[in-house]
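In: pasted the sequence and its predicted model underneath.
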Amino acid sequence: MSIKISEISKIGWKFDNTYVRLPDPMLSKFSPIPVKFPKIVALNQTLANELGLDFSSVSNENLAYVFSGNVLPKGSKSIAQAYAGHQFGHFTMLGDGRAILIGEHINKKNKRFDIQFKGSGVTPYSRNGDGRAALGPMLREYIVSEAMFCLNIPTTRSLAVVTTGENVIRDTSLIGAILTRVASSHLRVGTFQYAAMLGDLKILKTLVDYAIDRHYPNLKDEKNKALSLLEAVVQKQTELVVNWMRVGFIHGVMNTDNMTISGETIDYGPCAFMDIYDPETVFSSIDHQGRYAYMNQPGITKWNLFRFAETLIPLIDGNEKKSIEIAQTTVNKFSILYEEYWLNMMRGKIGLFGNDKEDKNLINNLLLWMKKNKADYTNTFYSLMKKKIKEDKVFDNFEFINWYKKWEIRLEKNKRTLESSFNLMKKNNPVVIPRNYKVEEALDSANNNLNLKLFDSLFEVSQKPYTDRSEIKNYQKPPIANGKIYKTYCGT
């Protein structure tokens, strides 16, 4: 087909690329590898509107060429970023092995967004990989990242998915695809680990200044920028993991290269949502020891923050011993913050205002009951918001009835209307999540002759996770117990 550059120029890209100006070791200038027959299969018009992009005058064929990287927009400067990471505890020098950052787009509100193609071909960091991605994992990231956004959880987002017209070979031959990921940046703990390993203090200082410029401009005038940045990231990551715990989200691969400085959720490889409440729940096929289980996510967040703090030791204080002590004290605040935020979050989930010394016991007793009775995490809180809860057989249980009476007594202490408590619960408890089996059904259908009907329906339902309505009933059902253990895969 003939590419109409005049059409593409009307989209409204406005690039101002700052990362490319960082020291050379932090990146490689590299372009996406063109694909044979790109075709648009998912396009996020809502996000496009937020970015100030207009696709109305552009054909799907030309959009496919843009979002495959076959044609790069004017003003873009494509690069692959270098970074390192502790992957399941083991340190490795890494980088964008299958992703290209084409530039930083500025929307009409002067807000900056990274535009990245994931699955765009080999880069200098591919480590013998083909740099490509399969359709299933790219659609998974598209639907789950957008669901997370609608759940009010900080996240990278997904603008488009195109098929490439080429197959990728993993255990079998799969449909190739490219995802367009949008982020406030792709700065990671691993980015700082990479800079620290270079042993050049000037590069590390430049990166700290850049991160503050990009995400925490209020810290520009701080005397100790490195320490202030560490404190800010501790705060952001605490808020993030508490949000994950709130909705039963399990990231699955919390390596330091998947932990952003901005506090956004990134990399939706083996992610999944918990059905039956069990703190030890693990879905990832490669997490054999349960390192990233649901209950371990707070501890791993703190562990990752310690790795971040280590990179900043040379900048926090000239005396290394003192610097280490300051860094340790700062990161250890995570535990106190997490406990406070988690307790307040759980109060919100059961409609409690104010503080009562028995709140923690009340919350933990509910969770213990849920685990013992294999109750569904999302649906239990959904049911608590319904006045006819006792009609459900799962709650016809002496232990639960006893808990419910104590809960009613505590609600009276709110000194607010019962309606106020329910409204608080409705803000904290989604009525629907992208259930794992529903995601798999949608992906299987998409992989089978590119049938996107189930995918589109699930995406639409996931856009209003706090709105109770008749059409979501089918999406609220837990999976039928069949003895099989649900597993997710990285999609690399």
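Out: Thanks, I have it. Residues are numbered from 1 along each chain as shown.

In: could you list the low-confidence segments of the chain?
Out: Applying pLDDT under 70 to the chain flags the ranges 1-4, 387-388, 390-391, 482-487, 489-492.

In: paired strands for the longest strand anywhere in it, with orientation please.
Out: Counting by DSSP state E, the longest strand found in the chain is strand 157-169. Strand 157-169 sits in its sheet next to strand 39-43 (antiparallel), strand 173-183 (antiparallel), going by DSSP bridges.

In: quick one: list the elements packing against the next helix or strand after the shortest one.
Out: What it means is strand 39-43. Beyond strand 39-43 on the C-terminal side, the first helix or strand identified by DSSP states H and E is helix 45-51. Using 3 or more Cβ pairs under 8 Å, 6 or more residues apart in numbering; DSSP states H and E as the contact criterion, the neighbours of helix 45-51 among helices and strands are strand 157-169. To be clear about C-beta, it is placed using only N, CA and C from the backbone, and glycine gets the same treatment.

In: and stretch 425-442, end to end?
Out: Stretch 425-442 has an end-to-end distance of 30 Å (criterion: Cα to Cα, to the nearest Å).

In: can you mark which positions in that stretch are buried?
Out: Buried residues in stretch 425-442, counting neighbours by 16 or more other Cβ atoms under 10 Å, are found at 425-426, 428-436, 438-440, 442.

In: closest to Leu230 among these?
Out: Asn428 (29.0 Å; Cβ to Cβ).

In: in contact with that closest one, which residues?
Out: Contact analysis of Asn428 by Cβ atoms under 8 Å, 6 or more residues apart in numbering lists Arg246, Met345, Gly348, Lys349, Phe381.

In: quick one, what contacts the residue of the chain most remote from its centre?
Out: If you look at how far each residue of the chain sits from its centre, by Cα atoms, centre = their mean, the farthest one is Phe398, at 38.6 Å. Shown in contact with Phe398 (Cβ under 8 Å, 6+ apart): no residues.

In: quick one: it from Met138, how far?
Out: For Phe398, the distance to Met138 equals 48 Å [Cβ to Cβ, to the nearest Å].

In: could you do Tyr404 as well?
Out: 44 Å.

In: and those two? Which one has more around it.
Out: The neighbour count for Tyr404 versus Met138, taken as other Cβ atoms under 10 Å, is higher for Met138 (30 against 16).

In: assign that one to helix, strand or coil.
Out: Judged by DSSP: H, G, I helix; E, B strand; the rest coil, the three-state class of Met138 is helix.

In: picking up where we left off before, just name the most buried of the strands paired with strand 157-169.
Out: The highest mean neighbour count among the strands paired with strand 157-169, using mean count of other Cβ atoms under 10 Å, belongs to strand 173-183: a mean of 23.

In: output that one as CSV - backbone C-alpha positions only.
Out: Written as CSV, here are the backbone C-alpha positions of strand 173-183 (Å, rounded to 0.1, in the frame of the first residue of the first chain):
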residue,chain,number,x,y,z
SER,A,173,4.2,-20.6,16.3
LEU,A,174,2.3,-17.5,17.5
ILE,A,175,0.8,-14.4,15.9
GLY,A,176,3.3,-11.5,16.1
ALA,A,177,2.2,-8.2,17.6
ILE,A,178,3.4,-4.8,18.8
LEU,A,179,2.0,-2.9,21.7
THR,A,180,2.2,0.9,22.0
ARG,A,181,2.8,1.6,25.7
VAL,A,182,2.3,5.0,27.2
ALA,A,183,4.1,6.0,30.5
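
In: ok, then the element right after that strand?
Out: helix 189-198.

In: can you list contacts of the helix or strand following that following helix?
Out: As assigned by DSSP H and E, the chain's next helix or strand after helix 189-198 is helix 201-215. Outside of helix 201-215, the residues within contact range by Cβ under 8 Å, 6+ apart are 18-19, 22-23, 25-26, 112, 184-185, 187, 191-192, 195-196, 198, 219-220, 225-226, 228-229, 232, 261-262, 311-312, 314-315.

In: in the protein, which residue is most central in space?
Out: Thr265 (2.6 Å).

In: ok, the nearest residue to Arg170 once chain neighbours are set aside to Leu179 distance?
Out: Using Cβ to Cβ, 6 or more residues apart in numbering and skipping the chain neighbours, the partner closest in space to Arg170 is Ala134 (6.6 Å). Distance from Ala134 to Leu179, counting by Cβ to Cβ: 11 Å.
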